[in-house]
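> Turn this into a model:
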Amino acid sequence: MEIIITNNEDEIKEVSNELDKFNESIVGKDNHQKLNLILKNENGKIIAGLLGGSYWGWLYVDRLWVNEKYRKSGIGKMLLKYAENEGIKRGCEYCHLDTMSWQALGFYEKQGYINKCEIKNMPKGYSKIHLIKKLK
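Predicted structure coming up:
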């Protein structure tokens with residue numbers, strides 16, 4: 001036996017597929033669907049976006065970004081609400097996401113998200129915070 005470090009996409013896909021098969025044997029298909037939202041200004045320039053998806057009845061927000069010039073204008077709240085509504089249409093009961101302590105914890109808490117876990121010193125001197133929200 002030999003452990004190797006790999007970037008081979010076929011090998012990575014095989015490991016992922018095998019884990020998916022195991023998971024499906026226990027809880028069924030995850031029914032993963034991507035959910036990626038982009039907001040452009042009048043010139044067609046991307047000024048904000050939300051990247052995520054839904055699976056196992058949960059919405060997941062991987063990234064929410066708003067151009068600094070447009071922050072505190074309600075755009076982030078609008079994108080998040082749109083995603084939550086789409087999650088509800090997909091049958092999601094909850095949403096989960098994470099943020100870093102220097103990012104948007106207060107913003108998410110104002111939107112009804114609850115801090116469920118904080119990993120301190122990730123990176124050193126900061127924290128990674130996992131949050132959830134009941135959608136319906």
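> can you give me the helices for this structure?
Along the chain, the stretches classed as helices by DSSP state H are 9-27, 75-89, 105-110.
> Quick check: which of those is buried the most?
Mean neighbours per residue, mean count of other CB atoms under 10 Å, is largest over those for helix 75-89, with a mean of 17. Backbone N, C-alpha and C define where each C-beta goes, glycine included.
> Please convert the helices of the chain to TSV, extending it with mean pLDDT and distance to K120.
Putting those into TSV (pLDDT from 0 to 100; distance: least, CB to CB, whole Å) gives the following:
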stretch	mean pLDDT	distance to K120
helix 9-27	97	28
helix 75-89	98	25
helix 105-110	98	14
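> Including distance to L131, could those helices go into TSV?
As requested, the helices of the chain are exported to TSV (distance: least, CB to CB, whole Å):
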stretch	distance to L131
helix 9-27	23
helix 75-89	12
helix 105-110	5
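> Specify the stretch among those that is closest to T99.
Among the helices of the chain, the nearest to T99 by CB to CB is helix 105-110 (5.5 Å).
> would you put the C-alpha positions of the closest one in CSV?
Written as CSV, here are the backbone C-alpha positions of helix 105-110 (Å, rounded to 0.1, in the frame of the first residue of the first chain):
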residue,chain,number,x,y,z
LEU,A,105,-21.4,37.6,11.1
GLY,A,106,-23.5,40.5,12.2
PHE,A,107,-25.2,40.7,8.8
TYR,A,108,-26.2,37.0,8.9
GLU,A,109,-27.4,37.3,12.5
LYS,A,110,-29.7,40.2,11.5
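> same for that helix, what does it pack against?
Applying 3 or more CB pairs under 8 Å, 6 or more residues apart in numbering; DSSP states H and E, one finds that helix 105-110 makes contact with strand 94-100, strand 127-134.
> Could you save those as CSV and add columns showing mean neighbour count and mean pLDDT?
Converted to CSV, those look like this (neighbours: other CB atoms under 10 Å; pLDDT from 0 to 100):
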stretch, mean neighbour count, mean pLDDT
strand 94-100, 19, 98
strand 127-134, 17, 98
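> Quick one: those as CSV, columns for distance to L51 too.
Shown next, in CSV, are those (distance: least, CB to CB, whole Å):
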stretch, distance to L51
strand 94-100, 11
strand 127-134, 16
